[in-house]
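*Asks:* Would you be able to build a 3D model of this:
(2 chains)
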Amino acid sequence: MLETLSLWFASNFGEQTAGWFDYFTNGKHLAWYASVRFTLLAAFFGALLAVLFGVLGAAARRSGFAPLRWIGLGYTTMVRGIPDVLFFLFFPLAFEQLVEFIMSRRLCSAEELATAVAWPPCQAAQWYLTTSEYLVMACVSLGIVYGAFAANVVHGAMNSVPKGQLEAARAYGFNSRQIFWNFQVRQMWVYALPGLSNVWMLLLKATSFLSLLQIADIVQWADRLGAPNYLARVGMVHPDWRWKYYFVLFLFYILLTVISERVFDWLQRRAGRGLALHGEQ
Amino acid sequence: MDWLLNNAIVQDIIELARPSLFNLYFALASIPIGFPLAVLLAVMKNSSNGIISRVARTYIYAFRGSPLFIQFFMFYSIMLAFNLSHWKPMGIAHIVMHPLFIGPMVLILNTSAYAAEIFYGALKTLPKGEMEAASAFGMNRWQIFKTVTWPNMIRLAWPAYTNEVVFLFHATALVYFTLPVINGQKDLMNKAGEMFERDYNIFLHFSVAGLYFLTISMVIFFVSGRIYKRLMRHMDTGEAASFKLKPNYMR
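*Replies:* Below is the predicted model of the structure:
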């Protein structure tokens, strides 16, 4: 199909354009376009986990059991003092070490364990991670970090659910667990939506960190492709074009933001049907 | 005394003290320029002139809608592209290509967009009556800005702006992920990463680096709270004057 398109370009716009078309559809460029999937997958599954951790974190924060409440409070406040990128690197590396620690107890000899200076103590315990494993860890990491943001949003939204609704449920004889999950959590979404859209925007931008976990994502490919390209057969293809490739990514993320804004506006309108929310009937 | 100095945590705290100064430098270098630029952008966005408003709107949208990580890479590579044709002939390449210059430059561009949105939000909620009173007194536009718009805007926006300053401080962690390290000038994250590669003790090194970020964030909240109290000193000890330590989690 690409050859046909290339020929079509050659016949309509001349050889020069066709040449550039060929260049921008070569294997490396196709790999770059395909690497968008890592970004989108991380954003999607990261967001799902963030909502899950958010609800759990908010539930912990409202728990009647004090230690659980402290954990919830600690979880929701940690993101205020410490940068997200630190957590983003910390969780995967810590998990990798934990697995290697367990593996080393089972696979390494006692002598190796005692004399080891490097990590892991012996080669057998080394865990070589593939891209998909790193991607899963990146999703979990994003989920934990932005789950803390989401927990704050959810916590606030739960307070916005009209008290009368909960009192009515109590009067009908629902127990407190039912009231929490079936009324408070069920009804808070419409109040949480503006805040969650904010968290989504933050999370979307954090997906640019994937290359820090050695995933060949769009950022890493842009860096490779933009570097000065010299081919012995054709000479200098282009000088340092990295800024052009990064500019494309800059626009790509702005486009994602525009789309997300539209979707959240639509969701907000849809979720707010029949409710008298501030500013909207 | 020796046992204290030999403690692994204390050693980490000492070793990370110098790197933390780089994070502080990036934040402190960005705020004095980013703040007025943000106010200017907010006023521009609020302008009745369509072109000026649109320019500010586009700028703010673009920088809030894309990751800082990409912005760092993009501006660094743009500066590199200019290097051959502009900076080298002018003989200033060693200054403008230095991370200590590019870091604050990109942070200023980024934070001014976020802060401008905050100030713009404050401008939208200014008390209308005060503006009308000022113009009824025959004040010109500059006088109105000076006596009504500015003090009200600052008071309304201060808690959210504090939040933005903390986010800016956290964003300084990204500088040396994207820019080259020169003369061993490493920041907290970079140094913590280097120490991690030395003995693979991620829990210790990253926790101490996180502790530095946490402590400095708390100091920012505290100082800003004192400033807010001073800004609000004409108010009674009402609800508005009490500064919440965590006003807003959103950037």
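
*Asks:* Now stretch A:254-266: buried residues?
*Replies:* Neighbour-count burial for stretch A:254-266 flags A:254, A:256-257, A:260, A:264 (criterion: 16 or more other C-beta atoms under 10 Å in any protein chain shown). For glycine as for every other residue, the C-beta is placed from the backbone atoms N, C-alpha and C.

*Asks:* Just the CA atoms of that stretch, as PDB, please.
*Replies:* Only the C-alpha atoms of stretch A:254-266 are listed here, as PDB (Å, rounded to 0.1, in the frame of the first residue of the first chain):
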ATOM      1  CA  ILE A 254      -1.700  19.700  22.600                       C
ATOM      2  CA  LEU A 255      -4.000  17.800  20.200                       C
ATOM      3  CA  LEU A 256      -4.500  15.100  22.900                       C
ATOM      4  CA  THR A 257      -5.400  17.900  25.300                       C
ATOM      5  CA  VAL A 258      -7.900  19.400  22.900                       C
ATOM      6  CA  ILE A 259      -9.600  16.000  22.400                       C
ATOM      7  CA  SER A 260      -9.700  15.300  26.100                       C
ATOM      8  CA  GLU A 261     -11.200  18.600  26.800                       C
ATOM      9  CA  ARG A 262     -14.000  18.000  24.300                       C
ATOM     10  CA  VAL A 263     -14.700  14.500  25.700                       C
ATOM     11  CA  PHE A 264     -14.800  15.800  29.300                       C
ATOM     12  CA  ASP A 265     -17.100  18.600  28.300                       C
ATOM     13  CA  TRP A 266     -19.400  16.100  26.700                       C
END
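
*Asks:* Quick check: next helix or strand after whichever strand or helix holds B:His94?
*Replies:* Per DSSP states H and E, B:His94 falls inside helix B:93-96. Heading C-terminal from helix B:93-96, the first helix or strand you meet, by DSSP H and E, is helix B:99-124.

*Asks:* So for the next helix or strand after that following helix, mean pLDDT?
*Replies:* The helix or strand immediately downstream of helix B:99-124 is helix B:128-136, counting by DSSP H and E. For helix B:128-136, the mean pLDDT works out to 89.

*Asks:* Could you list the residues in contact with helix B:128-136?
*Replies:* Applying C-beta atoms under 8 Å, 6 or more residues apart in numbering or on different chains, the contact partners of helix B:128-136 are B:143-144, B:147-149, B:152.

*Asks:* same thing but 6 Å
*Replies:* Outside helix B:128-136, the residues that touch it by C-beta atoms under 6 Å, 6 or more residues apart in numbering or on different chains are B:144, B:148.

*Asks:* Closest one of the buried residues of stretch A:254-266 to B:Ala93?
*Replies:* Distance to B:Ala93, by C-beta to C-beta, is smallest for A:Ile254 among those, at 30.2 Å.

*Asks:* Which residue is the nearest non-sequential neighbour of that closest one?
*Replies:* B:Gly65 (4.4 Å; C-beta to C-beta, 6 or more residues apart in numbering or on different chains).

*Asks:* so that neighbour makes contact with A:Thr257?
*Replies:* Yes. Between B:Gly65 and A:Thr257 there is a contact under C-beta atoms under 6 Å: 3.6 Å.

*Asks:* Same list (the buried residues of stretch A:254-266) but as CSV, adding secondary structure and pLDDT.
*Replies:* Formatted as CSV, these follow (DSSP: H, G, I helix; E, B strand; the rest coil; pLDDT from 0 to 100):
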residue, secondary structure, pLDDT
A:Ile254, helix, 96
A:Leu256, helix, 95
A:Thr257, helix, 95
A:Ser260, helix, 95
A:Phe264, helix, 93
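
*Asks:* Could I get the residues you listed in a markdown table, plus columns for distance to A:Phe88?
*Replies:* A markdown table is the format used below for these (distance: C-beta to C-beta, whole Å):
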| residue | distance to A:Phe88 |
| --- | --- |
| A:Ile254 | 22 |
| A:Leu256 | 19 |
| A:Thr257 | 20 |
| A:Ser260 | 20 |
| A:Phe264 | 24 |
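
*Asks:* out of the residues you listed, who's nearest B:Ala81?
*Replies:* A:Ile254 (20.9 Å).

*Asks:* Can you say which helix or strand has the residue most central in space within chain B in it?
*Replies:* Centroid-nearest residue in chain B, with C-alpha atoms, centre = their mean: B:Leu168, separated by 3.5 Å. With elements taken from DSSP H and E, the one containing B:Leu168 is helix B:150-171.

*Asks:* right, is that helix up against chain A?
*Replies:* Yes. Helix B:150-171 lies within reach of chain A by C-beta under 6 Å from any C-beta of the partner chain, at B:His170.

*Asks:* Show me what the following helix or strand past that helix packs onto, helices and strands only.
*Replies:* Using DSSP H and E, the next helix or strand after helix B:150-171 towards the C-terminus is helix B:175-178. Applying 3 or more C-beta pairs under 6 Å, 6 or more residues apart in numbering or on different chains; DSSP states H and E, one finds that helix B:175-178 contacts no other helix or strand.

*Asks:* residues from the stretch 101-250 of chain A in reach of chain B?
*Replies:* A:119, A:149, A:152, A:198, A:205, A:208, A:242-243, A:246-247, A:249-250.
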